[in-house]
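Novice: Here's my sequence, what's the structure:
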Amino acid sequence: MNMTLPPDDLLKRFVSVRRRSEQLVEGLQPEDLAAQSMPDTSPLKWHLGHTTWFFETFLLADLLPGYRSFNVSFGYLFNSYYEAQGERQPRPERGLLTRPALPEVLAYRRHVDQHMRSLLQQERSGQLQDLLQLGLAHEEQHQELMLMDVLHLFSRSPLLPVYDRAWPQPQAGVRGAWQRAAGGLLDIGEGGDGFAFDNERPRHRVWLEPFDISDRLVTNGEWLEFMADGGYWRPEFWLSDGWQISRDWAAPLYWQEEVDGWHEMTLSGLRPIDTGAPVTHISYYEASAFAAWCGARLPSEAEWESAARRGLLQQVDDAAWQWTSSAYAAYPGYRRPAGATGEYNGKFMVSQQVLRGGAALTPPGHSRFGYRNFYRPEQRWMQSGLRLARDAARSTAAVPAPGEPAAFAADVLSGLSLLQKSIPPKYFYDARGSELFEAITRTPEYYPTRIEAALLRRIAGELAAQIPSHAALIEFGSGASTKTRLLLDAMPQLAAYVPIEISEQALAQATRQLARDYPALLIVPVVRDFTAPMRMPPGLDHMPRVGFFPGSTIGNFERREAVRFLRHARKLLGQGGRLIVGADLVKDAATLQAAYDDAGGVTAEFNRNLLLRMNRELGADFDPFRFAHEARWNGAHSRMEMHLVSLAAQSVRVKGRSFSFAEGETLHTESSHKYTEEAFAQLAGQSGWQVAQFWRSDAPSFAIFLLT
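Specialist: Reported below is the predicted structural model:
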């Protein structure tokens, strides 16, 4: 490191850094300092001991003649991962260290600090300065970890304790804008005589193609758009490992959904989401999925560093560490330092991703343009965020800029880029599409709507017998609440009805009509996406709860999405809750295909209307008459599929990009899963439910399940 500082400056910096660690815990109780909330975190008391052990082990023991250890057993208790220093307390079991008590750990710190002052007054060598700078940077890293760990600890408590109500939050800002970087042959990495960790060196040359990079970080508001568009449930955006790991994720780590919207657990307590602030506490997998959803990508660490050094970036080191696409590996020419301190960085250069910049939790002055932070791609408890990048050669018309509403355009561009081209079925429902779907339900071939309504009329009394008095009925995706009236008429014991619907206009109209027809019923409408987790509206927590999910809408979910929804519903309905679900059953392929390809051609027009919508809203040039509607039974997945089949080899343009269709190639527009009774029971069981009772219609068969 070769940096020489005057002895007085070294001592002042040592005292300042050591004091800050203890200041971070001054407002906490001893119990707060002893707990460990997960294997990746450590008790704050352990951090205080470990950073002290570092100075004792690597400086005092070797450089201060006659130094005597405070307690030889502390070498085992407070070693972290230095194999050369011997055995250690297993990391997941640091929370079991009730002893030494906090006063003894603080006495240990005073003992080491006193001897470090003596050493600094006696020793002037370059070795001392290098080790001291490393030790101080190491303690600053642990100061950030202490804040990360106490936040995670407090987030796990039902009391949601506040670390510091005055703790500042990352500032909201304007939406990001693209900055063009020319690329070329550039130098990256730390050079010169200033302090840097060994993994930041040596400085070396890289070749970069021209690229664009956002000058600001992705915001909470933009992340909410990603969530609302089903970003967590759409595998086309996710890396394979991330898709498997994220099956229980629906939002960033510390987000909680309350009745009045999303909130975030912070060091200053639970706060409503600030839509303009940068999103934080996301994994690499989430960051990568969001970038794919936007039609962009994550920057490489070389791109990030070159843009930062040129002054193109804002929110560099004061908001959130920023994921890059770069795996954590050695720079060309890197040599691991000799001795135990060589274990500091080099041994971790596998299976981790680089983050750049700094965060609001990072000690002031700790970060540098060349600083390489690193974490495993699934980790989220650190204050991590992202900024977007894209290739400069790519048409700017094809990729929404950071912050632009991305949903329809991004989904279409992403879906048309897949090997099996596909577009989410929710885009069927523009004004014309909604009219056509209502017409479909009136065709003689489309049986689900009328068969389910008839079955509900027949079994309403049996269902009512299963519903406790003074219960609340919660309907997921209530629409016009037409089928709900069959239950309301049969269940006078209901005390409240909670329709959940994303369309505020449809919900308001249905609520007005229900309030007129059922004046004794408490109606509490909720405008939201019913697939996302939520809590009961105020005042209804004491009521027994019954969920209602008709229409075989469960069949439109992929299995993973269905399990996630059913788990969310189970949490909302609570202990003793019940859920009534309508599901279409497997039947002969001819009946199914007729239902999705009626003789009058209404379904075909409904399907092709999606092409017209893309032409109108995205400037596409689809010729709908060069595509044929096809309803296809997929027996392997027990689902009906709707496709648009290209009648000839052709090329279409959308948002400035060209997509080729071979003759016979299809665009997959919808799946509708059909169940056997056994398959649905298995799905329910995987979600924590069990089938208490089910009713089956006459042919064409449809089922209603009561889950408990």
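
Novice: Okay, residue 479 and residue 617: tell me how far apart.
Specialist: Look at residue 479 and residue 617: by CB to CB, to the nearest Å, they are 24 Å apart. Placement of C-beta: from N, CA and C, glycine included.

Novice: And these two? Which one has more around it.
Specialist: residue 479 (18 against 13; other CB atoms under 10 Å).

Novice: Just the local confidence number for the more buried one, please.
Specialist: On pLDDT, residue 479 comes in at 75.

Novice: Name the nearest residue to residue 48, ignoring sequence neighbours.
Specialist: Leaving aside its sequence neighbours, residue 48 sits nearest to residue 105 (CB to CB, 6 or more residues apart in numbering; 5.3 Å).

Novice: list the contacts for the one you found?
Specialist: Residue 105 sits next to 45, 48, 49, 52 when contact means CB atoms under 8 Å, 6 or more residues apart in numbering.

Novice: try 6 Å
Specialist: Going by CB atoms under 6 Å, 6 or more residues apart in numbering, residue 105 touches 45, 48, 49.

Novice: so it sits in a helix?
Specialist: Yes: assigned with DSSP: H, G, I helix; E, B strand; the rest coil, residue 105 falls within a helix.

Novice: what about it, distance to residue 116?
Specialist: 16 Å.

Novice: Kindly report the same for residue 251.
Specialist: Taking CB to CB, one finds residue 251 at 45 Å from residue 116.

Novice: Residue 191 now?
Specialist: Distance from residue 191 to residue 116, by CB to CB: 30 Å.

Novice: try residue 261
Specialist: Using CB to CB, one gets 50 Å for the distance from residue 261 to residue 116.

Novice: What does the closest residue to residue 477 other than its chain neighbours show for phi and psi?
Specialist: In space, residue 477 comes closest to residue 530 once its chain neighbours are excluded; the distance is 5.0 Å by CB to CB, 6+ apart. The phi/psi pair for residue 530 (degrees, to the nearest 10) reads phi -70, psi -10.

Novice: what does the one 3 residues further on give?
Specialist: The phi and psi torsions at residue 533 (degrees, to the nearest 10) take the values phi -60, psi 150.

Novice: burial measure for it, as a count.
Specialist: What residue 533 shows, counting by other CB under 10 Å, is a neighbour count of 16.

Novice: so is the closest residue to it other than its chain neighbours in a helix, a strand, or just coil?
Specialist: Using CB to CB, 6+ apart and skipping residues adjacent in sequence, the residue nearest residue 533 is residue 568, 4.6 Å away. Here residue 568 is recorded as helix under three-state DSSP.

Novice: ok, now how distant is residue 568 from residue 119?
Specialist: For residue 568 relative to residue 119 (CB to CB), the value is 58 Å.

Novice: for residue 705, same thing?
Specialist: 73 Å.

Novice: Looking at these two, which has the bigger crowd around it?
Specialist: A count of neighbours by other CB under 10 Å puts residue 705 above the other of residue 705 and residue 119, at 24 against 18.

Novice: Double-check that that one belongs to a strand.
Specialist: Yes: applying three-state DSSP, one finds residue 705 inside a strand.

Novice: That one against residue 695, yeah?
Specialist: No: in this structure, residue 705 is not within contact of residue 695 by CB atoms under 6 Å, at 8.2 Å.

Novice: Could you point out the longest helix of the protein?
Specialist: helix 126-155 (DSSP state H).

Novice: Which residues outside the next helix or strand after it are in contact with it?
Specialist: From helix 126-155 onward toward the C-terminus, using DSSP states H and E, the following helix or strand is strand 178-181. Residues outside strand 178-181 that contact it (CB under 6 Å, 6+ apart): 211, 212, 213, 215, 307, 312, 401.

Novice: which other residues reach the helix or strand where the fifth one lies?
Specialist: Okay, so that is residue 307. Assigned by DSSP H and E, residue 307 falls within helix 301-309. Helix 301-309 has contacts (CB under 6 Å, 6+ apart) with 181, 186, 188, 206, 211, 213, 313, 316, 324, 326, 354, 356, 369, 389.

Novice: what would these look like in TSV with secondary structure, pLDDT and neighbour count?
Specialist: Formatted as TSV, the contacts of helix 301-309 follow (DSSP: H, G, I helix; E, B strand; the rest coil; pLDDT from 0 to 100; neighbours: other CB atoms under 10 Å):
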residue	secondary structure	pLDDT	neighbour count
181	strand	90	21
186	strand	91	18
188	strand	94	22
206	strand	96	19
211	strand	94	23
213	strand	94	24
313	coil	90	24
316	coil	91	20
324	strand	98	28
326	strand	97	19
354	strand	98	24
356	strand	97	28
369	coil	91	19
389	strand	95	25
